[in-house]
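Novice: make a model of this:
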Amino acid sequence: MIAGKRTYITCVGILLLFVVAEHMQAQGLKSVDETTTNLAELRVEANFTKQFRVRNQRINLHVSEEIYSRLYESTYSKLADDTEALSPYFRRSYTTVGLSYTPIPYLRIGADYTLKLYGNKLQTSDGTPNVTNEFLRHRLSAHVTGQYMSGDWKFSLREKLDATIRTDSVNLHEQPQTTLILRHRLMATYTVPGRPLKAYANVELWNTLNQPVKYLNTYAGVDKDGNATAYAGQTFGQYLSEVRAQVGLRWRVDKCNTLGIAYMFMYGYSRDVNITKNKSMIELTHATSYGHYILVSYDLEW
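Specialist: Just a heads-up that it's a prediction; the model follows:
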């Protein structure tokens with residue numbers, strides 16, 4: 001029996017200020033740079049949810065489309081003492097289809113498939129994108145969410161496993177063909193009594209599960225002549241790749257329209273491994289980023 005369906009569109013303006021500081025150090029690299037980026041981005045999201053009941057159990061079919069477009073971006077390089085401004089362009093889109101199931105009120109389980117289309121990383125000399133270099137990724141996800149209601153409060157903990165499959169060939173000593181990330185999200189939502197307002201806060205941690213470390217741990221400690229490097233004695237393992245913390249407020253204007261505003265802080269870390277063609281040297285880059293977002297959203301539901 002069909003219980004109901006829901007369709008809504010969300011428009012999100014991300015930013016007024018997105019600042020990223022990147023610190024890089026690497027064996028074989030002679031320079032260390034620090035960059036600051038200011039970014040304005042528009043995100044448009046459309047969602048469709050249809051709910052079924054099978055033997056009194058709720059099953060949701062979810063389809064969504066997210067499109068990200070850069071409106072403005074400038075990056076200041078401390079090493080070059082120069083600012084590079086980039087033109088507006090399509091950044092990426094996510095097309096997702098998923099199912100979720102609520103066997104008991106306190107537990108929800110589900111799985112998703114996402115087709116990820118990225119805009120070009122390599123750009124022409126004038127800063128405009130080269131659309132021929134767009135590329136794809138496939139992401140499979142499984143998640144379990146525990147939730148608890150207490151008066152006007154709702155608390156939830158979600159555990160989600162992402163498997164992102166690359167469509168190009170890679171050196172498996174540098175990066176995996178399929179990247180596994182385990183994501184933990186803790187969230188609290190408060191419904192203001194007698195008001196169409198909801199306040200929420202959440203924090204999410206991303207942990208790598210299968211970044212290549214065997215080759216790195218074997219050879220990063222010595223150079224091609226057998227001399228000790230800066231990484232001698234170090235052991236490389238999996239790491240915390242991202243932290244997201246967000247607080248926000250949603251106002252339901254009527255049964256079809258909802259407005260929202262939120263602040264999000266994002267910390268990111270990546271470890272890039274490059275093995276030179278003759279395998280005489282490993283280049284290792286540590287990049288750390290800090291982002292501050294202001295998000296304004298509008299939801300249309302019918």
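
Novice: can you say which helix or strand has the most far-flung residue of the chain relative to its centre in it?
Specialist: Of all residues in the chain, D225 has its C-alpha farthest from the mean position, at 40.1 Å, by Cα atoms, centre = their mean. For D225, there is no helix or strand it lies in under DSSP states H and E.

Novice: same thing with T258?
Specialist: Going by DSSP H and E, T258 is part of strand 257-275.

Novice: pull out the buried positions in that strand.
Specialist: For strand 257-275, burial by neighbour count (16 or more other Cβ atoms under 10 Å) applies to 258, 260, 262, 264, 266-268, 271, 273, 275. Bear in mind the C-beta positions are built from the backbone N, C-alpha and C, glycine included.

Novice: do stretch 145-163 as well
Specialist: Neighbour-count burial for stretch 145-163, with 16+ other Cβ under 10 Å as criterion, is recorded at 145, 147, 154, 156, 158, 160, 162-163.

Novice: how about that stretch as CSV, C-alpha atoms only?
Specialist: Only the C-alpha atoms of stretch 145-163 are listed here, as CSV (Å, rounded to 0.1, in the frame of the first residue of the first chain):
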residue,chain,number,x,y,z
THR,A,145,20.8,5.3,12.1
GLY,A,146,19.7,5.0,15.7
GLN,A,147,17.3,7.7,16.9
TYR,A,148,15.6,8.7,20.2
MET,A,149,12.9,11.1,20.9
SER,A,150,12.6,12.9,24.3
GLY,A,151,9.9,15.6,24.4
ASP,A,152,10.8,18.3,21.9
TRP,A,153,14.3,16.8,21.4
LYS,A,154,15.4,14.2,18.8
PHE,A,155,18.8,12.6,19.0
SER,A,156,20.4,10.4,16.3
LEU,A,157,23.6,8.6,15.6
ARG,A,158,24.3,7.6,12.0
GLU,A,159,27.1,5.2,10.9
LYS,A,160,27.7,5.2,7.1
LEU,A,161,30.1,3.3,4.9
ASP,A,162,31.0,5.0,1.6
ALA,A,163,32.7,3.1,-1.2
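
Novice: N210 belongs to a helix?
Specialist: No: N210 is assigned coil when assessed by DSSP: H, G, I helix; E, B strand; the rest coil, not a helix.

Novice: show me what contacts it?
Specialist: 176, 178-180, 238 (Cβ atoms under 8 Å, 6 or more residues apart in numbering).

Novice: ok, which pair from the buried residues of strand 257-275 is furthest apart?
Specialist: Pairwise distances among the buried residues of strand 257-275 were taken by Cβ to Cβ; the largest, 49.7 Å, belongs to T258 and I275.

Novice: give me the pLDDT value at the residue farthest from the centre of the chain.
Specialist: We note a pLDDT of 77 for D225 in this prediction.

Novice: again, but for K50
Specialist: Looking at K50, its pLDDT is 86.

Novice: distance of N274 relative to A46?
Specialist: N274 sits at a distance of 39 Å from A46 (criterion: Cβ to Cβ, to the nearest Å).

Novice: same question for N171.
Specialist: From N171 over to A46 (counting by Cβ to Cβ), the distance is 38 Å.

Novice: higher neighbour count, the two?
Specialist: A count of neighbours by other Cβ atoms under 10 Å puts A46 above the other of N171 and A46, at 15 against 11.

Novice: circling back to that earlier point, which two in the contacts of N210 are spaced the farthest apart?
Specialist: Farthest-apart pair in those is T178 and Q238; separation 14.9 Å (Cβ to Cβ).
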